[in-house]
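J.: this one's structure only:
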């Protein structure tokens, strides 16, 4: 099932606000946890309510335009056909309804009664909000993505007051937050089995320098997959860049999905 623009935005915000990191209690995670209920309410309700209010304002604006059009048409009808052509409720008398002005008047009244915001306009709004938030988030990091404009006037936002040399950063008004990766063991129950996922090796970026993209892969040791007589299944993983051969094997598109499929097969085929 294809994600709607609204669902896509909510998924990004869940990831951005670290809703799946409730067990972490330091740095930016502590702030997220303290505000978790408010953040969830914003993502799941307040944001949608704000969008609905915005659409109501659009409807009101369109209503005002049509009401002005109706008032103008009514004045033309009474001036041309006489004051009795329109009754006290704003309806054109039956004998005048086939005239061109009366037809325009009836069309405007129908448009007023049928004002609604199109689904495409709503989808476009959610896509624009998604684009805004995605400009400051990439694979676990809050960042500023480069944006360019064909219009040279775009640079007018730089605070310049006549210095001979002006140095300016795109993120001059932002706090720098490095979230880095989360690594912890994960345990869950599956029928009568207890399953443990363990990260045994992880190559992370050093000194806040963006390096190669990293992936979760099965550990290469002999004891990668172990099932005890007590029904405890232990599976070890690595988090690292792909080797040259793995890049050939998994290609350039949907790499982690292909890796997951290969890992599932290996785990299910394990003795």
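T.: Great, that's in hand. None of these values were measured; they are calculated from a predicted model.
J.: where does this structure have low pLDDT?
T.: 1, 20-29, 116-118, 137-160, 168-184, 202-212 (pLDDT under 70).
J.: show me where it has its helices.
T.: 5-16, 27-34, 36-41, 47-81, 100-113, 119-134, 244-250, 255-269 (DSSP state H).
J.: hmm, residue 195 and residue 235 touching each other?
T.: Yes - counting by Cβ atoms under 8 Å, residue 235 does reach residue 195; the two are 7.1 Å apart. For glycine as for every other residue, the C-beta is placed from the backbone atoms N, C-alpha and C.
J.: the two: which is more packed in?
T.: Each of residue 235 and residue 195 has its neighbours counted (other Cβ atoms under 10 Å); residue 235 has more, 19 against 16.
J.: so who does the more buried one touch?
T.: 195-198, 218, 224-225, 267 (Cβ atoms under 8 Å, 6 or more residues apart in numbering).
J.: beta partners of it?
T.: The partner list for residue 235 in beta bridges (DSSP bridges) reads residue 197, residue 225.
J.: how close does it get to residue 255?
T.: Remark: distance between residue 235 and residue 255 (Cβ to Cβ, to the nearest Å) = 20 Å.
J.: which residues touch the spatially closest residue to residue 220 that is not a sequence neighbour?
T.: Among residues not flanking residue 220 along the chain, residue 238 sits closest, at 7.4 Å (Cβ to Cβ, 6 or more residues apart in numbering). By Cβ under 8 Å, 6+ apart, the contact list for residue 238 reads 199-202, 216-220.
J.: domain parsing for this structure?
T.: The chain is divided into the following domains under automatic domain parsing: 1-182, 186-269.
J.: can I get the helices of the chain in CSV with mean neighbour count and distance to residue 92?
T.: Below are those laid out as CSV (neighbours: other Cβ atoms under 10 Å; distance: least, Cβ to Cβ, whole Å):
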stretch, mean neighbour count, distance to residue 92
helix 5-16, 17, 42
helix 27-34, 14, 61
helix 36-41, 14, 49
helix 47-81, 14, 7
helix 100-113, 15, 5
helix 119-134, 14, 32
helix 244-250, 12, 70
helix 255-269, 13, 63
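J.: please convert those to TSV, extending it with distance to residue 90.
T.: What follows is the helices of the chain, written out as TSV (distance: least, Cβ to Cβ, whole Å):
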stretch	distance to residue 90
helix 5-16	38
helix 27-34	55
helix 36-41	43
helix 47-81	7
helix 100-113	8
helix 119-134	29
helix 244-250	68
helix 255-269	61
